[in-house]
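# Sharing a model that was predicted from the sequence below.
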Amino acid sequence: MSEPVGHDAIALNPASEITASAAEAGNLLRIAREASGLHAEALAVSLKVPVNKLEALEAGRIDLLPDLTFARALAASVCRTLKIDPLPVLAHFPATGISRLGAVAPSINTPYRPTGSGPRISLRGQMLNPSVLAVVALLVAAVAVVLWPKSSEAPKNAATILAPGAEATDGPAVPVPMADASDPVLAAIPVEPAVAPAVAASATQAVVLTAQAESWVKVTDAKGVVGVGRTLKAGETVEVTGPFPMAVVLGRVDAMQLQVHGQPYDMAAFPKDRVARFEVK
């Protein structure tokens, strides 16, 4: 008599329970992200997904996502980025298709097993086995014996290499005319002030970002140097100098004002609810 009741309870699985479970999973992801100090926009940029998709996942609004498979994949990617165990989070999402119903039914008569039991603990126990530790110690000792002669010969080889170099330096040091080179050095001193205007001119080649609201930004110059890569607070202004072109990533376009070479940069072509990636020259 108990089997039909259990089957009906599984088959009916209301959408409200799925939404509640998704909300619990999203809450776990949000807590883990805030604990890591990572802003939602920065995490969205790292995952290359729209911010509103990530916010919908954390709010448990899986109805705003393409499908359940996408929600599970996005949750797993967030766990991998935050370096947390994905199993507790994915456990709140129902499996797709009929396979979930078939997997739940046999569990009615399945004996209870503790959560910590499984091959993970047995593998750990094998690693702590004294015989395994002894074998590992022998392998480490063998490697040390093999590498020891090579490390001891290295100083000898270095000494033999440096010896000819020392003899070579003795020969060129003998000529006296090298002392006459001080005159050209004095003549080259006036060249140094000419470098300062060049540096001042390059300082005008800058990108200036002013945050109207809290938003994550990243600016990388042509040499790959990241001038700024963090969340700017409302009213904060950052100036980035370096060789152009520069790659710019904005978490929120509507929250940021951009100036390039002292002129406002038009960002009307970028959607406000997505991450903007572009290059300025």
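Nice, I can see it.
# Any regions of the protein where pLDDT drops low?
For the chain, the stretches with pLDDT under 70 are 1-18, 95-128, 149-205.
# For it, which segments count as strands?
Using DSSP state E, the strands of the chain run over residues 206-211, 215-220, 226-232, 237-241, 246-250, 256-260, 263-264, 276-280.
# hey, which of these is tucked in deepest?
Here the criterion is mean neighbour count by mean count of other CB atoms under 10 Å, and of the strands of the chain the winner is strand 215-220, at a mean of 22. From N, CA and C alone the C-beta is placed, and that goes for glycine too.
# follow-up on the earlier one: make JSON lines from the strands of the chain and add distance to Arg72 to it.
Output for those, formatted as JSON lines (distance: least, CB to CB, whole Å):
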{"stretch": "strand 206-211", "distance to Arg72": "34"}
{"stretch": "strand 215-220", "distance to Arg72": "26"}
{"stretch": "strand 226-232", "distance to Arg72": "28"}
{"stretch": "strand 237-241", "distance to Arg72": "38"}
{"stretch": "strand 246-250", "distance to Arg72": "27"}
{"stretch": "strand 256-260", "distance to Arg72": "33"}
{"stretch": "strand 263-264", "distance to Arg72": "43"}
{"stretch": "strand 276-280", "distance to Arg72": "27"}
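# Looking at those, spot the one closest to Ala134.
Smallest distance to Ala134 across the strands of the chain (CB to CB): 48.1 Å, for strand 226-232.
# tilt between the closest one and strand 246-250?
Per axes from the mean of the first three to the mean of the last three CA atoms, to 10 degrees, the angle that strand 226-232 makes with strand 246-250 is 10 degrees.
# of all the strands of the chain, which lies closest to Glu41?
Closest of these to Glu41 is strand 215-220, at 4.1 Å (criterion: CB to CB).
# Which strands and helices lie in contact with the closest one?
Where contact means 3 or more CB pairs under 8 Å, 6 or more residues apart in numbering; DSSP states H and E, strand 215-220 is packed against helix 40-47, strand 206-211, strand 226-232, strand 246-250.
# and the closest residue to Leu65 other than its chain neighbours, how far is that from Leu47?
Of all residues not flanking Leu65 in the chain, Ala71 sits nearest, at 4.8 Å (CB to CB, 6 or more residues apart in numbering). Spatial separation of Ala71 from Leu47 under the definition CB to CB, to the nearest Å is 13 Å.
# same check, this time on Asn129
Using CB to CB, Asn129 is found at 40 Å from Leu47.
# The two: which is more packed in?
Leu47 (16 against 10; other CB atoms under 10 Å).
# List just the one of the strands of the chain that sits closest to Leu133.
It is, among those and with distance given as CB to CB, strand 226-232, at 43.7 Å.
# Next one: the nearest residue to Leu232 once chain neighbours are set aside from Ala25, what distance?
With sequence-adjacent residues excluded and distances taken as CB to CB, 6+ apart, Leu232 is closest to Ala211, at 3.9 Å. To Ala25, Ala211 is 31 Å away according to CB to CB.
# Now do the residue lying closest to Leu54 once chain neighbours are set aside against Arg80, distance only.
Spatial nearest neighbour of Leu54, chain neighbours left out: Ala44 (4.9 Å); criterion: CB to CB, 6+ apart. Note on Ala44: its distance to Arg80, by CB to CB, is 15 Å.
# ok, now Leu139?
32 Å.
# same deal with Lys53?
For Lys53 relative to Arg80 (CB to CB), the value is 16 Å.
# Between these two, which is the more surrounded one?
Lys53 (19 against 11).
# Please enumerate the helices of this protein.
When assigned using DSSP state H, the helices of the chain occupy the ranges 2-12, 15-35, 40-47, 51-58, 68-82, 87-90, 99-104, 119-127, 130-170, 182-188, 195-203.
# Thanks again, I'm all set now.
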